[in-house]
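Peer 1: Sequence and predicted model, in that order:
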Amino acid sequence: MPSRLASWILALCIAGAHVVSAGAAPKKAPKSAAPKIDVVEASVAGLQEAMAKGKLTSKALTAEYLARIKRIDEAGPKINAVIEVNPDALAIAEALDAERAKKGPRGPLHGIPVLIKDNIATADGMQTTAGSLALVGVKPPRDAFVVEKLRAAGAVILGKTNLSEWANIRSTRSTSGWSARGGLTRNPYALDRNTSGSSSGSAAAIAASLAAVAVGTETDGSITSPASVNGLVGVKPTLGLVSRAGIIPIAHSQDTAGPMARSVADAAALLTAIAGTDPRDVDTADASIKTADFTKALDAGALKGARLGVIRSQLAAPRNDLVAAEIEKALEALRKQGAVLVDIPELPNAGKYGQSELDVLLYELKADMAAWLAEWAPGAKVKTLGDLIVFNEVNADREMPYFGQELFKLADAKGGLDSKAYLDALAQNRRLSRAEGIDKALVDNKVDALIAPTGQPAWLTDFIKGDASGGGFTQAAAVAGYPHITVPAGFVRGLPVGLSFVGTAWSEARLIALAYAFEQATKARRPPEYPKTLNDW
């Protein structure tokens, strides 16, 4: 794949100084409320235990996160991860406290504040815009299915997170973490570094402990890459485990929502809550059969006897030797836990579907965007991708001050989903990434999962050149629709790097077990300190 095309694909979903807030300043918890807890690095289970013991209320917890958003996100370091807070968050938390007192908790997420990406529809006091000014003021008719699931689980929807506008499918030269509505999100580990994208705000917010967990979305790298560069656990599920209904699309053959968290346990709890069959998403027909309580997969001894395939090409020159050295330490930790490491020179057929992946995404973007706008934004003036292109041109000073909309235009020029070129490209992608790619590597080498560095450390944000990403391990799992989990593996001169675990379809439980065992053995994550730069290292 040409290097420039590779960077586009990774930026797609590897893909601001001004935060748009829909809520009033958070109210102080009443004197009668339980004392607040230190939320920095606090786990879902720990918070739930504190509430169960009466040491904490959801209202006090929500107020503390809202105050932290004011203190960290909007003032102080100004990482600018939260595009909007929920004006009803405190009232929702108070109602959940009353329900807990009367009936007990609904489950592990009862009263837990959760952030969601601003391309996931909510029918409440918040907006759903994908970071674009074109959808400001447009109200979805109902919640996305993922949001329905979160509310049913008793979660408090705390707010929406900024993202790379339109999930980074607009330009070949984009800067991840920037949207016209939200501005630029900054990396908490070095404020002049990029967050990666497109789930940039979700990643930065959870790294900074602005909520317990967050939901991101991925087409190719949009959960796993920002999770890696922000020191998080990110889970891109099997396509069809989590509904896409209500999520502003790029491409239905690859899009999925998934958890972003500070620990594997938290990610497992969130995945359990959002997974399941949705009649509005045909690809989720088997989800309720395949889903489970993923927290039961957590096993600190899971690496003993596990066979893991190390994709050596992801560690070889000319890739970053500092990353390779850090990953070699992680591999040694795996060995010490009893894992059998099998070297695989390269993933079969990797790099042979770069152009065809982009073609499929562009065909589907044109069709899927029109369908989403018709169903989920019926009051919007924009009805098609072509309308969005015109809107951006008319509002170029606000929408395109740094980069254009080359990919939008390429997509708008495509034909329909009955086009032979589209169908051929889709078939090739699935064949090369599945049976002749990931599955072949797993079967031929008799391994439980494939592992590799998730990507490179965060690059300097540059509005002139755009993203400097590359060398990631996101494409194969994304194109195949297979699960991919990244876990903090270490640091390169203060910047986080992640280790990826990739498996075949519906292997989330096994991957979670392996990822958890690695996490518990290494404890590599540490919270950010918000330095302005690390260039003076």
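Peer 2: Everything's here; your move. These numbers were taken from a predicted model, which means no experiment stands behind them.
Peer 1: contacts and neighbour counts: CA atoms only from here.
Peer 2: Will do.
Peer 1: hmm, which helix or strand of the chain has the shakiest average pLDDT?
Peer 2: helix 3-11 (a mean of 42; mean pLDDT, DSSP states H and E).
Peer 1: after that one, next one along is what?
Peer 2: helix 44-52 (DSSP states H and E).
Peer 1: Who are the packing partners of that next one?
Peer 2: helix 264-274 (3 or more C-alpha pairs under 8 Å, 6 or more residues apart in numbering; DSSP states H and E).
Peer 1: Mind listing residues that contact the helix or strand just after the helix it packs on?
Peer 2: Toward the C-terminal end, the helix or strand that comes next after helix 264-274 (DSSP H and E) is helix 287-290. Outside helix 287-290, the residues within contact range by C-alpha atoms under 8 Å, 6 or more residues apart in numbering are G240, L241, V242, A275, G276, T277, W506.
Peer 1: Paired strands for the very next helix or strand once past helix 287-290, with orientation please.
Peer 2: Toward the C-terminus, helix 287-290 is succeeded by strand 307-311 as the next helix or strand (DSSP H and E). Its sheet considered, strand 307-311 pairs with strand 340-344 (parallel), strand 449-453 (parallel) by DSSP bridges.
Peer 1: Out of the contacts of helix 287-290, flag the one nearest to L365.
Peer 2: Relative to L365, the closest of these is G240; by C-alpha to C-alpha it sits at 18.2 Å.
Peer 1: any chance of the contacts of helix 287-290 in TSV, with neighbour count, pLDDT and distance to S419 too?
Peer 2: Listed next are the contacts of helix 287-290 as TSV, based on neighbours: other C-alpha atoms under 10 Å; pLDDT from 0 to 100; distance: C-alpha to C-alpha, whole Å:
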residue	neighbour count	pLDDT	distance to S419
G240	30	98	24
L241	30	98	28
V242	29	98	28
A275	26	98	32
G276	24	98	32
T277	22	98	29
W506	20	98	30
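Peer 1: who touches the most centrally placed residue in the chain in this structure?
Peer 2: Note on the chain: the residue nearest the mean C-alpha position is I223, at 2.7 Å, using C-alpha atoms, centre = their mean. Residues in contact with I223, defined by C-alpha under 8 Å, 6+ apart, are I14, G197, S198, S199, G216, T217, G234, V235, K236, G258, P259, M260.
Peer 1: Show the model's pLDDT score for K27.
Peer 2: Looking at K27, its pLDDT is 37.
Peer 1: before we move on, back to that, reformat the strands paired with strand 307-311 as CSV; add mean neighbour count and distance to A333.
Peer 2: CSV is the format used below for the strands paired with strand 307-311 (neighbours: other C-alpha atoms under 10 Å; distance: least, C-alpha to C-alpha, whole Å):
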stretch, mean neighbour count, distance to A333
strand 340-344, 17, 11
strand 449-453, 26, 13
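Peer 1: Tell me, please, where in the stretch 51-200 of the chain the pLDDT is lower than the cut-off.
Peer 2: In the predicted model of the stretch 51-200 of the chain, no residue satisfies pLDDT under 70.
Peer 1: On the three-state scheme, the nearest residue to V264 once chain neighbours are set aside is what?
Peer 2: Nearest residue to V264, sequence neighbours excluded (C-alpha to C-alpha, 6 or more residues apart in numbering): Y516, at 5.6 Å. Here Y516 takes the helix state, with states given by DSSP: H, G, I helix; E, B strand; the rest coil.
Peer 1: wait, doesn't Y516 sit right on A267?
Peer 2: No: assessed by C-alpha atoms under 8 Å, Y516 is found out of contact with A267, at 10.2 Å.
Peer 1: and V492, how many neighbours?
Peer 2: Per other C-alpha atoms under 10 Å, the neighbour tally for V492 reads 16.
Peer 1: which residues pair with it across the strands?
Peer 2: L495.
Peer 1: Tell me who's in contact with it.
Peer 2: So V492 contacts L322, V323, E326, P457 (C-alpha under 8 Å, 6+ apart).
Peer 1: Could you identify which of these has the most neighbours?
Peer 2: That'd be P457 among the contacts of V492, by other C-alpha under 10 Å, with 28 neighbours.
Peer 1: ok but that residue is inside a helix, no?
Peer 2: No: counting by three-state DSSP, P457 is not part of a helix but coil.
Peer 1: show me the contacts for it.
Peer 2: S228, V229, V323, V492, L495, P496, V497.
Peer 1: switch the cut-off to 7 Å
Peer 2: For P457, the contact set (C-alpha atoms under 7 Å, 6 or more residues apart in numbering) comprises V229, L495, P496, V497.
Peer 1: still on that earlier bit, pipe the contacts of helix 287-290 into TSV and attach distance to T284 per row.
Peer 2: Converted to TSV, the contacts of helix 287-290 look like this (distance: C-alpha to C-alpha, whole Å):
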residue	distance to T284
G240	4
L241	6
V242	7
A275	9
G276	7
T277	5
W506	12
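Peer 1: Which members of these are the farthest-apart pair?
Peer 2: Most distant of these, by C-alpha to C-alpha, are T277 and W506, 13.8 Å apart.
Peer 1: okay but V340 is in contact with L308, surely?
Peer 2: Yes: contact criterion C-alpha atoms under 7 Å: V340 and L308 qualify, at 6.2 Å.
Peer 1: And the strands in this protein?
Peer 2: Assigned by DSSP state E, the strands in the chain fall at 82-85, 113-117, 156-161, 178-179, 183-184, 213-218, 233-236, 256-261, 307-311, 340-344, 449-453, 484-492, 495-502.
Peer 1: Tell me the spacing between the residue nearest to V447 when sequence neighbours are not counted and A227.
Peer 2: Leaving aside its chain neighbours, V447 sits nearest to R307 (4.7 Å; criterion: C-alpha to C-alpha, 6+ apart). Between R307 and A227 the distance is 25 Å, computed by C-alpha to C-alpha, to the nearest Å.
Peer 1: nearest to S433, of the strands of the chain?
Peer 2: That would be strand 495-502 among the strands of the chain, by C-alpha to C-alpha, at 12.2 Å.
Peer 1: how about V382, what does it touch?
Peer 2: Contacts of V382 (C-alpha under 7 Å, 6+ apart): L388.
Peer 1: switch the cut-off to 8 Å
Peer 2: A134, L373, L388, F391.
Peer 1: Against K532, how distant is D97?
Peer 2: Distance from D97 to K532, counting by C-alpha to C-alpha: 39 Å.
Peer 1: swap that for L191, please
Peer 2: From L191 to K532 the distance is 5 Å (C-alpha to C-alpha).
Peer 1: quick one, which of these two is more surrounded?
Peer 2: Comparing L191 with K532 by other C-alpha under 10 Å, the one with more neighbours is L191, at 21 against 15.
Peer 1: Could you count how many residues lie near A42?
Peer 2: Using other C-alpha under 10 Å: A42 sits among 16 other residues.
Peer 1: doesn't A212 make contact with it?
Peer 2: Yes: in this structure A42 lies within contact range of A212 using C-alpha under 8 Å: 7.1 Å.
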